[in-house]
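> Okay, predicted coordinates and the sequence, questions at the end:
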Amino acid sequence: MATGITSLDTFVYDALRAGQSRAEITRVLILAGWPATQVRIAVEAYADVEFGIPVPRPRVSLSAREMFLYLVLFTALYLTVFHVGDILFDLIDRAFPDPVGRSYLGNVAESMRWSLSAVIVAFPVFLWTSHYVNREIAANPAGRLSPVRRWCTYLTLFLAVGCLIGDGTTLVFNVLGGELSVRFALKVLVVGVIAGSALGYYLRDLRSGERPEA
């Protein structure tokens, strides 16, 4: 193996070129303290084909088109999720009205009309963009490693975790204050279900993107 190794990628390249097996390279690097995920990504950066030197796989690159697609996708997702939650909140307010509020039903109806309009526009945009992006990933699985995709996914995870923490904190605060009502509990449940669903879906998506077959 070459001396003066300055990076994991260089080490893997030199080890493969020297004829070391992938399993042995992985074992040695993990013993040296490298995280298993980083080792696997570095080893799989080279195709498992017979050739005189290691053959690199196509690397994912960042393009303006890719950034546009993912920004549209996640913006449509956020708008859809927010306004679906708003519609559910309005339905809860209609079922359990606040007796203190004035012109209550009128405000709820206007809010529902606005949220429904946003969902009617944003949700089809999300579905079409998601279908288009998934079709491109099926044709080129390396697209799962897109930097824009991963940044947007982790941002979504961060927002979902933040909503769950805020939701739980608000619930505990009201329970300790003895102010838990059916109306409030249903709204907490709505936020928890929406944020929890987004968290579970995108965590599963990240894990599927980190599997070797992906």
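Nice, thanks for sending it over. Residues are numbered from 1 along each chain as shown.

> burial count for residue 47?
11 (other C-beta atoms under 10 Å). C-beta: built from backbone N, CA, C; applies to glycine.

> Just give the closest residue to it, not the sequence neighbours.
The shortest distance from residue 47 to any non-neighbouring residue, by C-beta to C-beta, 6 or more residues apart in numbering, is to residue 55 (4.6 Å).

> what's the spacing between that neighbour and residue 78?
Separation of residue 55 from residue 78 (C-beta to C-beta, to the nearest Å): 40 Å.

> How about residue 199?
14 Å.

> for residue 124, same thing?
Applying C-beta to C-beta to residue 124 and residue 78 gives a distance of 15 Å.

> These two - which one has more neighbours?
Between residue 124 and residue 78, counted using other C-beta under 10 Å, residue 78 has the larger neighbour count: 16 against 12.

> tell me which element the more buried one is part of?
Taking DSSP states H and E as the definition, residue 78 sits inside helix 64-95.

> helices or strands up against the next helix or strand after that helix?
Next along the chain after helix 64-95, taking DSSP H and E as the criterion, comes helix 104-139. Counting contacts by 3 or more C-beta pairs under 8 Å, 6 or more residues apart in numbering; DSSP states H and E, helix 104-139 is packed against helix 64-95.

> The lowest-mean-pLDDT helix or strand in the chain pairs with which strands?
Using mean pLDDT, DSSP states H and E, strand 55-56 stands out as the lowest-scoring helix or strand of the chain, at a mean of 77. The strands beside strand 55-56 in its sheet (DSSP bridges) come out as strand 46-47 (antiparallel).

> Tell me how this structure divides into domains.
Using automatic domain parsing, the domain parsing of the chain gives 8-56, 64-210.

> for the record, mean pLDDT for the last one?
Averaged across domain 64-210, pLDDT comes to 85.

> What is the distance between it and the centre of its chain?
Here domain 64-210 shows a centroid-to-chain-centroid distance of 12 Å under the convention C-alpha atoms, centre = their mean, to the nearest Å.

> Adjust the sequence numbering to begin at 50 for everything that follows.
Yes, from this point I'll number from 50; that puts the last item at domain 113-259.

> what about residue 252, which SS state?
helix (DSSP: H, G, I helix; E, B strand; the rest coil).

> The closest residue to it other than its chain neighbours - how many residues pack around it?
Nearest in space to residue 252, with sequence neighbours left out and distances taken as C-beta to C-beta, 6+ apart, is residue 206 at 6.9 Å. Residues lying near residue 206 (other C-beta under 10 Å) number 17.
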